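A.B. asks: Next come a sequence and a model predicted from it.
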Amino acid sequence: MTKGQKDNLFILIKSLSKSEKRQFKLYVGRLGVNEDSKFLTLFNILEKLSSYDEVAILKKGIVKKQQLSNLKAHLYKQILISLRLNPSHQNVRIQIREQLDFATILYHKGLYKQSLKILDKAKTQALVNEEKNIAYEIIELEKVIESQYITRSLSTRADELTIQAKEINRHNILASKLSNLSLQLYGLFLKTGYVKNDEEYNRVKDYFNARLPEYDIAELGFREKLWLYKSYLWYSFLTQDFLACYKYAKKWVDLFHEYPDMIKLNPVFYLRGNQYLLEALFFVGHFDKFKAALHKLEEIVSESWFHHDDNVDGLIFLYVYSNKFNQHFMDGTFHEGLPLVNEALDGIKKYRSRLDEHHIMVFYYKIASLYFGIGENKKAIEYL
C-alpha cells in the first residue's frame, strides 16, 4: 500500500532541512503541546520512513484509519505555519502581507489610527517593491477605515486614496492583460511548438496582435515591463525569430539589473530570464556573448545577498549545468566537459524531487551527446 512520492504531507516533510525540522519541533513546544501529541508523533513517524506507508503508520496505533486524513491535514497546516515563521522564508512580500494582517486585526478592534499608521508604511513598502496588487488591497482597507474614522482631513484624504486606487488599478489591469498574454503564448507553444508554415505564422501573429494591450513604455513600471518582455519573448520563440528572442530576453535580464532589489524579491524570474537569454544566444551562435552571460549568472548566484531556497537552488543547478554542457558543445571541447557528467548526476540525485522528467531526460541526452562527441558510443547509447 505504498504511495511513494504521491502523498503531499510526506513530500513536504522530506523536503524539510535539518534546521526547518528543528524549528518545527521548537514551534510545537511553544504551542504547549506535550510529546504524546498525535500530530507530533505522526511527524516523527513520517520523518523516519523512506517511503510513504499507510499500513506502517496505522500499525503504530496512534490513530484509526478514519481519523488519519484529518490528522495529516492538521500536521500539514502546522508545518506550513512553522515555515512561515522561519526567518529563511521571510521576504518583503510576506512582510507586507503580515503588516496588512496586523492592520486588519487593529481595525477590527476599533483601533483605527494605529491601523492606518501601519497601512501607510506597508503601502509605501509595497509601492517601492512593485507589489501593486498588495498595495491595492491596502488602499481598499484604508478607504474602509477612513469612512468610519472621522478626521478633519477626510475630504482631501478621500480624493488622495481615490486617485491612488485608480492609478494602481490601471497598472494592475495592464499587468494582468500582459501576464495573460504571456501565459497564453506559452500554452500555445507547449501545445503546437514552433510555427511550421506561413499559415501558422499568420495565425500566431494575429493571435498576438489581437491580445496585446495598448501601452506607453515610458509609463510602465518594473512589473508591467517584465510581462511585456515575456510576451514578446514567447511570440518570438513561437515564430522562430531567435534574434528577437535574444533582444527581449536581454531586455528582461537588463530590467532586473536596472532594479537590483527585484533580483532578491523575484529570484526565479531572474533565473528564468537568464535561461532564455542563454538559450537564445545558443540558437543564434553568439558564443562570446553566451560565455559572458553564463559567467555573469554564476557570479551573481554566488553573491552572499542572492536569495537561496530549495526551489531556487534546484533552478540554479538546472540552468547553470544545462548551459555548461551547451558551452562545451559550442566549443567542441567534449573531453574537457566529461567532469560535468558526475556533477550533473549528483545534482539530479540531489534535486530529483524538484526536477520534472523532461529536464532529467534532457540532461541524459546532453550527457549522451558529450560521450558521442568523444566516440564513446556505448556510453552514449546507455544514456540515450
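C.D. replies: Sure thing, it's come through. Numbers count the residues shown, from 1 in each chain.
A.B. asks: what about Asn311, how many neighbours?
C.D. replies: Neighbour count of Asn311, defined by other Cβ atoms under 10 Å: 14. Glycine gets a C-beta too; all of them are placed from N, C-alpha and C.
A.B. asks: Residues contacting the helix or strand where Lys264 lies, please?
C.D. replies: For Lys264, the host element (DSSP states H and E) is helix 261-265. Residues outside helix 261-265 that contact it (Cβ atoms under 8 Å, 6 or more residues apart in numbering) are 91-93, 129-130, 222, 255-256, 270, 300, 305-307.
A.B. asks: Could you rerun that using 6 Å?
C.D. replies: Outside helix 261-265, the residues within contact range by Cβ atoms under 6 Å, 6 or more residues apart in numbering are 92, 222, 256, 270, 307.
A.B. asks: List the buried residues in stretch 276-287.
C.D. replies: Buried residues in stretch 276-287, counted by 16 or more other Cβ atoms under 10 Å: 276-282, 286.
A.B. asks: can you name the two of the contacts of helix 261-265 that are farthest apart?
C.D. replies: By the measure Cβ to Cβ, Phe222 and His307 form the most distant pair in the contacts of helix 261-265, at 16.8 Å.
A.B. asks: And the two? Which one has more around it.
C.D. replies: Higher neighbour count among Phe222 and His307: Phe222, with 18 against 15, using other Cβ under 10 Å.
A.B. asks: I'd say the more buried one and Glu130 touch.
C.D. replies: Yes - between Phe222 and Glu130 there is a contact under Cβ atoms under 6 Å: 4.6 Å.
A.B. asks: so what's Lys379 up against?
C.D. replies: By Cβ under 6 Å, 6+ apart, the residues touching Lys379 are Tyr371.
A.B. asks: can you pull the pLDDT of it?
C.D. replies: For Lys379, the pLDDT comes out at 96.
A.B. asks: For it, what is the enclosing helix or strand?
C.D. replies: Assigned by DSSP H and E, Lys379 belongs to helix 377-383.
A.B. asks: ok, and for that helix, which residues are buried?
C.D. replies: Result for helix 377-383 [16+ other Cβ under 10 Å]: buried residues 379-380, 383.
A.B. asks: same question, stretch 7-20
C.D. replies: Here stretch 7-20 shows 7, 9-10, 13-14, 16, 20 as buried, counting by 16+ other Cβ under 10 Å.
A.B. asks: Among the residues you listed, which one lies nearest to Asp241?
C.D. replies: Lys14 (43.0 Å).
A.B. asks: For the closest one, what are phi and psi?
C.D. replies: In terms of degrees, to the nearest 10, the main-chain angles of Lys14 are phi -70, psi -20.
A.B. asks: before we move on, what about Gly193?
C.D. replies: According to degrees, to the nearest 10, Gly193 has phi 70, psi -160.
A.B. asks: number of nearby residues for it?
C.D. replies: Neighbourhood size, Gly193 [other Cβ under 10 Å]: 12.
A.B. asks: and what of the one 3 residues further on?
C.D. replies: The criterion is other Cβ under 10 Å. On that basis, Lys196 has 10 neighbouring residues.
A.B. asks: Make sure it is indeed in a helix.
C.D. replies: No - under DSSP: H, G, I helix; E, B strand; the rest coil, Lys196 sits outside any helix and is assigned coil.
A.B. asks: thinking again about what came up before, for the helix holding Lys264, give the mean pLDDT please.
C.D. replies: What helix 261-265 shows for mean pLDDT is 90.
A.B. asks: For that helix, list every residue counted as buried.
C.D. replies: Buried residues in helix 261-265, defined by neighbour count with 16+ other Cβ under 10 Å: 262-263, 265.
A.B. asks: Closest one of those to Glu47?
C.D. replies: Nearest to Glu47 among those is Leu265, at 32.0 Å by Cβ to Cβ.
A.B. asks: Against Leu345, how distant is Val384?
C.D. replies: Quick fix: residue 384 is Leu, not Val. As judged by Cβ to Cβ, to the nearest Å, Leu384 and Leu345 stand 15 Å apart.
A.B. asks: on that earlier part again, ok, so of the buried residues of helix 261-265, who is nearest Lys143?
C.D. replies: Comparing those against Lys143 with Cβ to Cβ places Leu265 closest, at 26.6 Å.
A.B. asks: how much space between that closest one and Tyr215?
C.D. replies: Going from Leu265 to Tyr215 by Cβ to Cβ gives 23 Å.
A.B. asks: Same check on His108?
C.D. replies: For His108 relative to Tyr215 (Cβ to Cβ), the value is 39 Å.
A.B. asks: Comparing these two, which residue is more hemmed in?
C.D. replies: The neighbour comparison of His108 against Tyr215 (other Cβ under 10 Å) goes to Tyr215, with 14 against 9.
A.B. asks: and that one, which of the three is it?
C.D. replies: Assigned by three-state DSSP, the conformation of Tyr215 is coil.
A.B. asks: which one is it nearest to, not counting chain neighbours?
C.D. replies: Nearest residue to Tyr215, sequence neighbours excluded (Cβ to Cβ, 6 or more residues apart in numbering): Leu174, at 6.3 Å.
A.B. asks: does that neighbour count as helix, strand or coil?
C.D. replies: The three-state label given to Leu174 by three-state DSSP is helix.
A.B. asks: What is the neighbour count of it?
C.D. replies: Leu174 has 21 neighbouring residues, counting by other Cβ under 10 Å.
A.B. asks: I'd like the contacts of helix 261-265 written out as a markdown table, with pLDDT, distance to Lys296 and secondary structure added.
C.D. replies: Output for the contacts of helix 261-265, formatted as a markdown table (pLDDT from 0 to 100; distance: Cβ to Cβ, whole Å; DSSP: H, G, I helix; E, B strand; the rest coil):
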| residue | pLDDT | distance to Lys296 | secondary structure |
| --- | --- | --- | --- |
| Val92 | 85 | 24 | helix |
| Phe222 | 94 | 20 | helix |
| Phe256 | 97 | 11 | helix |
| Tyr270 | 97 | 12 | helix |
| His307 | 88 | 17 | coil |
